[in-house]
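Trainee: Give the three-dimensional model of this entry:
(2 chains)
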Amino acid sequence: MTEARSSRRPGAAPVFWASMLLFCALLGLLTYRFSLGQDPSGVAPSATAPAPARKVIVRRVVTVVPAGTGSETPPATEAPAPESEAALVSEPVTSAS
Amino acid sequence: MTMAEHDVSFEAMGSHVRLLIGEPGPGVPPAAEAAERARRFVAEFEAALSRFDPASELSALNRNRRERVPASPLLRQAVGAGLWAAELSGGLVDPTLVDEIEQAGYASSRAGALPAPLRSALAAAPARRPAEPDSAARWRRFSVDETRGEVVRPPGLRFDSGGTGKGLAADLIAASLQGYSRFVVDCGGDIRLGGREADRQPRTIAVEHPLSGSRPYVVSLRAGGIATSGLNVRIWRREDGSFAHHLLDPATGRPAWTGLVGVTALGATTLEAETLSKAALLSGPARARELIAARGGLLVHDSGRVELVGQLAAPPRVRLPRPVAPMAVPA
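Mentor: Residues are numbered from 1 along each chain as shown, chains lettered A, B, ... in the order given. Sure thing, here's the model as predicted:
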């Protein structure tokens, strides 16, 4: 009885290598899903809480003052920036001067 | 939600100045009025503090043969800012190197002048070494007497506000814009951000690479200052064929070649950021990391390699894309 039971017990090496193989396979799968931008938790997008949508419309008044202008500022160009345009407004740049 | 933002640009102080001003708070004048006031202030600032204008108050101070010279509040602030920067940098940002900068070939404004090619200058530059403070520390002989409204210094010792002027201008304009929802003051790349609602949404600032001219990094900031010092703009070829630039080693009085071509630094104010970026560039790579580590920033080496320091070097957090497409329109 005792002899038969011990003979069915797997060795340490196969268990170790099988675990490593399983770990690497799961790691590879997760990496692949990350690279696709998918949620690796497997939760369907519809089941997640939707991100709170906040719509911000920026009304931008752009004025470029030409060199040599005195105290009078030239009329500004004013327009509500469409959403796509608002995103394209150039960001400030820090540079040597 | 609808927001208004005034975006005003003009040329001043040999650079491009840009103001982004948001919604005024209760009792605060409209943004257009604030922008116009700021534009006039910059014009006054330049007229009073230009080293290149013989009619400026700064030039009059430098010509004056008396030890104590009555000075306007603006000039006293400028001198105070220069001395503060010298103290913070241990004398590396030295406002008294007027003779030296003129001898290097920068005696008149270089606004609009085409810079010499930086790569050629680097190839011809002497061995790299960190700059050192001037052991004589002449800047310590300057002082500001606020009680009597005077600047005090030995006659003949001249002052140059060029190393700190744009940062100070940005900070002074910022002080007048605190009542607006958000603002950005950009004085030739020395930038100050803030406003009542600045904490709600960060603003992105692009960083220009001094060698490529590209903008490979974007810094996200809510409030405070950011400034860049570099060799790529105020650089010229002298008659003997050698190259010179405007960042001098105070110990030698000659242009510093330290192994860095650009440094961007963050600061509580633009003046602090500008001082840290100059001091770091002059210090060379090893000491520069220590100087800007607390506030954060980035170094650009002679090779073009960019090194992020402090909070900018923090590893990015992994963020999964949102399942729903964001609808917010960035300001």
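
Trainee: can you pull the buried residues of stretch B:244-264?
Mentor: B:244-251, B:255-264 (16 or more other C-beta atoms under 10 Å in any protein chain shown). In short, each C-beta sits where N, CA and C put it, glycine included.

Trainee: Tell me the spacing between residue B:133 and chain A.
Mentor: To chain A, residue B:133 is 22 Å away according to C-beta to the nearest C-beta, to the nearest Å.

Trainee: Find the nearest non-adjacent residue to that residue, please.
Mentor: residue B:91 (3.1 Å; C-beta to C-beta, 6 or more residues apart in numbering or on different chains).

Trainee: so who does the one you found touch?
Mentor: B:133, B:134, B:137, B:139, B:250 (C-beta atoms under 8 Å, 6 or more residues apart in numbering or on different chains).

Trainee: from the buried residues of stretch B:244-264, which are also near chain A?
Mentor: Among these, the residues within reach of chain A (C-beta under 8 Å from any C-beta of the partner chain) are B:262, B:264.

Trainee: can you give me the helices in chain A?
Mentor: Under the criterion DSSP state H, chain A contains helices at A:2-8, A:12-35, A:83-88.

Trainee: which residues touch stretch B:138-158?
Mentor: Contacts of stretch B:138-158 (C-beta under 8 Å, 6+ apart): B:61-62, B:64-71, B:73, B:75-76, B:79-80, B:82-83, B:86, B:91, B:94-96, B:98-99, B:159.

Trainee: pLDDT score assigned to the closest residue to residue B:310 other than its chain neighbours?
Mentor: Distance criterion C-beta to C-beta, 6+ apart; nearest residue to residue B:310, sequence neighbours excluded, is residue B:296 at 3.5 Å. Reading off the confidence values, residue B:296 has pLDDT 95.

Trainee: do the same with residue B:162
Mentor: 84.

Trainee: Nearest residue to the most centrally placed residue in chain B in space, please, no chain neighbours.
Mentor: Per C-alpha atoms, centre = their mean, the C-alpha nearest to the average position across chain B is that of residue B:274, at 3.9 Å. Counting by C-beta to C-beta, 6+ apart, residue B:167 is the residue found nearest to residue B:274 once chain neighbours are left out, at 3.5 Å.

Trainee: you'd agree the one you found is in a helix?
Mentor: Yes: when classified by DSSP: H, G, I helix; E, B strand; the rest coil, residue B:167 is found to be part of a helix.

Trainee: count of neighbours near it?
Mentor: For residue B:167, the neighbour count with other C-beta atoms under 10 Å in any protein chain shown is 28.

Trainee: That one: what's it in contact with?
Mentor: B:81, B:187, B:190, B:225, B:227, B:269, B:270, B:271, B:272, B:273, B:274, B:275.

Trainee: Show residues contacting the longest helix that chain B contains.
Mentor: Counting by DSSP H, the longest helix found in chain B is helix B:31-49. If you take C-beta under 8 Å, 6+ apart as the criterion, helix B:31-49 is touched by A:61, A:63, A:65, A:71, A:73, A:76, B:4-6, B:8, B:10, B:12-13, B:17, B:19, B:21-24, B:28-29, B:53, B:55-58, B:72, B:74-75, B:78, B:161, B:165, B:169, B:172-173, B:176-177, B:180, B:185, B:187.

Trainee: Apply 7 Å and report the result again.
Mentor: Helix B:31-49 has contacts (C-beta atoms under 7 Å, 6 or more residues apart in numbering or on different chains) with A:61, A:65, A:71, A:73, A:76, B:4, B:6, B:8, B:10, B:12-13, B:17, B:19, B:21-22, B:24, B:53, B:56-58, B:72, B:74-75, B:78, B:161, B:165, B:169, B:173, B:176-177, B:180.

Trainee: Would you list the buried entries among these?
Mentor: Members of the contacts of helix B:31-49 classed as buried by 16+ other C-beta under 10 Å are A:61, A:65, A:73, A:76, B:4, B:6, B:8, B:10, B:12-13, B:17, B:19, B:21-22, B:24, B:56-58, B:74-75, B:78, B:161, B:165, B:169, B:173, B:177, B:180.

Trainee: got any ranges where chain A has weak pLDDT?
Mentor: A:1-7, A:38-54, A:56, A:67-89 (pLDDT under 70).

Trainee: Just want the residue of it that's nearest chain B.
Mentor: residue A:96 (3.0 Å; C-beta to the nearest C-beta).

Trainee: Burial check on that residue, number of neighbours?
Mentor: 28.

Trainee: Leaving out the residues flanking it, which one is nearest to it?
Mentor: Per C-beta to C-beta, 6+ apart, closest to residue A:96 is residue B:230, 3.0 Å.

Trainee: For the one you found, give its distance to residue B:119.
Mentor: 13 Å (C-beta to C-beta, to the nearest Å).

Trainee: now residue B:24
Mentor: From residue B:24 to residue B:119 the distance is 47 Å (C-beta to C-beta).

Trainee: ok, and for the longest strand along chain A, which residues are buried?
Mentor: If you go by DSSP state E, chain A has its longest strand at strand A:57-65. The neighbour-count check on strand A:57-65 (16+ other C-beta under 10 Å) flags A:57, A:58, A:60, A:61, A:63, A:65 as buried.

Trainee: Farthest-apart pair in the residues you listed, please.
Mentor: Across those, the longest distance by C-beta to C-beta is 25.8 Å; it joins A:57 and A:65.

Trainee: In the stretch 151-300 of chain B, which residue sits closest to chain A?
Mentor: Taking C-beta to the nearest C-beta, the stretch 151-300 of chain B has residue B:230 as its residue nearest chain A, at 3.0 Å.

Trainee: Backbone dihedrals for that residue, please?
Mentor: phi -160, psi 170 (degrees, to the nearest 10).

Trainee: quick one on the thing from earlier: could you redo the contacts of residue B:167 as a markdown table and give each row secondary structure?
Mentor: Shown next, in a markdown table, are the contacts of residue B:167 (three-state DSSP):
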| residue | secondary structure |
| --- | --- |
| B:81 | helix |
| B:187 | strand |
| B:190 | strand |
| B:225 | strand |
| B:227 | strand |
| B:269 | coil |
| B:270 | helix |
| B:271 | helix |
| B:272 | helix |
| B:273 | helix |
| B:274 | helix |
| B:275 | helix |
